[in-house]
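**Q** Could you look at this predicted model? Sequence included:
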Amino acid sequence: MQFELTLGWHFIQAYSDVGIDFTPYREFSNQYDFRQELLPKSVTCLCTLNGKKLPVQMTVFSTRPWARIKFEIDDDKLAAEIRQKLLKYSTEDKNGNVYKDWNTRQISNQILAHDGLTTKDIQNRNGIISQGCIDALMRHYDETESRFRCDICWLFTRDAIPKTDQARVAKWLMKHLAQTKNRSDGSRIVEQLYNHLAVPEIADDLIRLLTNRSFKGRSGFLLDVLAKTKDRRVLDVAVTVLDDDELTQSALTIIGRRKAKQHVERVRRLLSHSRSNIRREAKKTMKALGFPVETPPPPVHLVKKRLLPKGLKEWSANLDIEDLEPALQTLSKCVESGFDTLEIAEVAAVVEEMKHDQTKAFCFPVVTNIRKEEVWLVIFMDDIDSPDLEIHASAQLIQKVNKALPQRD
């Protein structure tokens, strides 16, 4: 079965909803940078839906302003189901009629044209939006269905909005944030406030939402917005929400940065919290306050990844942070010496300080089967709580590791 659809700018989420692995598409888009003159271009992706796996050929005809794509799927029933699911991301209904709501960006461009601007100018930080156009964009936002508002919200940047209007726009966004029932919509507003409009004038509104336990949009990111306003009450608010798991990590960061030693006992209690990210942040905060929980061993085995020798075999897995130390303990049992409690503590201490998308590598001289060799560990912080662990060693040692640690994706 073949069908064509024009999908909006958030079509990547559409692929996730129907179980399409869009990695080949992403690689293609990165390679061609959506250059229209090189289209059409076909890629084949694997789709997993209802327990079935089959290839889906996607031919991309255009990507601007939206992606026009032809789908070719051998299973007609599955193809019909995929098409039905994709329709909610499409610019057209089941009869091929274009939804009025998908004119969002055209309307934005029509409004900006009064100032001689386009949405691309705003993206490239070229031009200032006049007060009249700001008001028109705000009305456009108010009248637009919530799922399309994010394509207007991003236009309100500190580069495009005059300083004289920034507080007014920020307070207007806060009003929408307080009223939104969709957490995703709210997160877009919070992101825009954090990146562009964290002005002092919204501090009262932020505090009101952060201390309102019934407000579902409360998050650590919202607390970070308050911190960016430089309001003096941010420490008091951080302490107030310290027991709220949604806000605890950001609250701890604020306490640590402000060296608020008077709250050290409140922080200490969180060292035994059930969530690893909170325990880890509590340790960092204790250290920042001058009360380190323990002195970790120095990272003497840290090396540069590019030095990884050739010919080694590999075991790898994406782990939850709680599973890292147990995996390292299992590795320890596979060698006779050279990787024990001290070395595990060294790795754990480095991982605790790692940031998202950071990679660290270690080389440990060990003894196994009465002979010396090297064990290399490479850790990539794929997510703050999900490190990728690679163990590189001789074939004999990796064979032992594979028996002790089942291979994981």
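**A** Everything's here; your move. Numbering: from 1, shown residues only.
**Q** Show me how far the host helix or strand of Ala345 is from its chain's centre.
**A** Per DSSP states H and E: Ala345 is located in helix 341-353. Once both centres are worked out by Cα atoms, centre = their mean, to the nearest Å, helix 341-353 turns out to sit 25 Å from its chain's centre.
**Q** Same question for stretch 150-168.
**A** Put simply, stretch 150-168 sits 23 Å off its chain's centre (Cα atoms, centre = their mean).
**Q** contacts for it?
**A** The contact list for stretch 150-168 (Cβ atoms under 8 Å, 6 or more residues apart in numbering) reads 9-10, 104-105, 108, 112, 119, 122, 125, 127-129, 131, 134, 137, 140-141, 144, 169, 173, 185, 188-189, 192, 195-197, 199, 201-202. (C-beta placed from N, C-alpha, C; glycine too.)
**Q** Same question for stretch 390-397.
**A** Against stretch 390-397 from outside (Cβ under 8 Å, 6+ apart): 308, 312-316, 331, 334-335, 368-369, 373-380, 398, 401.
**Q** Hmm, His114 is touching Gly132, no?
**A** Yes. Assessed by Cβ atoms under 8 Å, His114 is found in contact with Gly132 at 7.0 Å.
**Q** so where's the longest helix in the protein?
**A** For the chain, the helix with the greatest residue count under DSSP state H is helix 163-179.
**Q** which parts of that helix are buried?
**A** Within helix 163-179, the residues that qualify as buried are 165-166, 168-170, 172-174, 176-177, counting by 16 or more other Cβ atoms under 10 Å.
**Q** do stretch 282-296 as well
**A** With burial defined by 16+ other Cβ under 10 Å, the residues of stretch 282-296 counted as buried are 282-289, 296.
**Q** Kindly format the C-alpha coordinates of that stretch as PDB.
**A** Taking Å, rounded to 0.1, in the frame of the first residue of the first chain, the C-alpha atoms of stretch 282-296 are listed here in PDB:
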ATOM      1  CA  ALA A 282      22.600  15.900  47.600                       C
ATOM      2  CA  LYS A 283      26.200  14.700  47.700                       C
ATOM      3  CA  LYS A 284      27.300  17.600  45.400                       C
ATOM      4  CA  THR A 285      25.400  20.100  47.500                       C
ATOM      5  CA  MET A 286      27.100  18.800  50.700                       C
ATOM      6  CA  LYS A 287      30.400  19.200  49.000                       C
ATOM      7  CA  ALA A 288      29.500  22.700  47.900                       C
ATOM      8  CA  LEU A 289      28.500  23.600  51.500                       C
ATOM      9  CA  GLY A 290      31.900  22.400  52.800                       C
ATOM     10  CA  PHE A 291      30.600  19.100  54.200                       C
ATOM     11  CA  PRO A 292      31.800  16.400  51.700                       C
ATOM     12  CA  VAL A 293      30.200  13.100  52.500                       C
ATOM     13  CA  GLU A 294      33.400  11.200  51.600                       C
ATOM     14  CA  THR A 295      36.700  11.900  49.900                       C
ATOM     15  CA  PRO A 296      36.700   9.800  46.700                       C
END
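**Q** what mean pLDDT would you report for it?
**A** Taken as a whole, stretch 282-296 carries a mean pLDDT of 89.
**Q** Now do it: everything it contacts.
**A** Stretch 282-296 has contacts (Cβ under 8 Å, 6+ apart) with 252-253, 255-257, 259-261, 264, 267-268, 270-271, 273, 345-346, 348-349, 352-353.
**Q** Starting from the lowest-mean-pLDDT helix or strand in the chain, tell me the next helix or strand along the chain.
**A** None of the helices or strands of the chain scores lower by mean pLDDT, DSSP states H and E than helix 23-32, at a mean of 65. Using DSSP H and E, the next helix or strand after helix 23-32 towards the C-terminus is strand 41-49.
**Q** Can you pick out the most distant pair from the buried residues of stretch 282-296?
**A** Leu289 and Pro296 (16.9 Å; Cβ to Cβ).
**Q** Tell me how many other residues crowd the closest residue to Lys305 other than its chain neighbours.
**A** Among residues not flanking Lys305 along the chain, Ala361 sits closest, at 4.2 Å (Cβ to Cβ, 6 or more residues apart in numbering). As a burial measure, Ala361 scores 19 neighbours (other Cβ atoms under 10 Å).
**Q** Lovely, talk soon.
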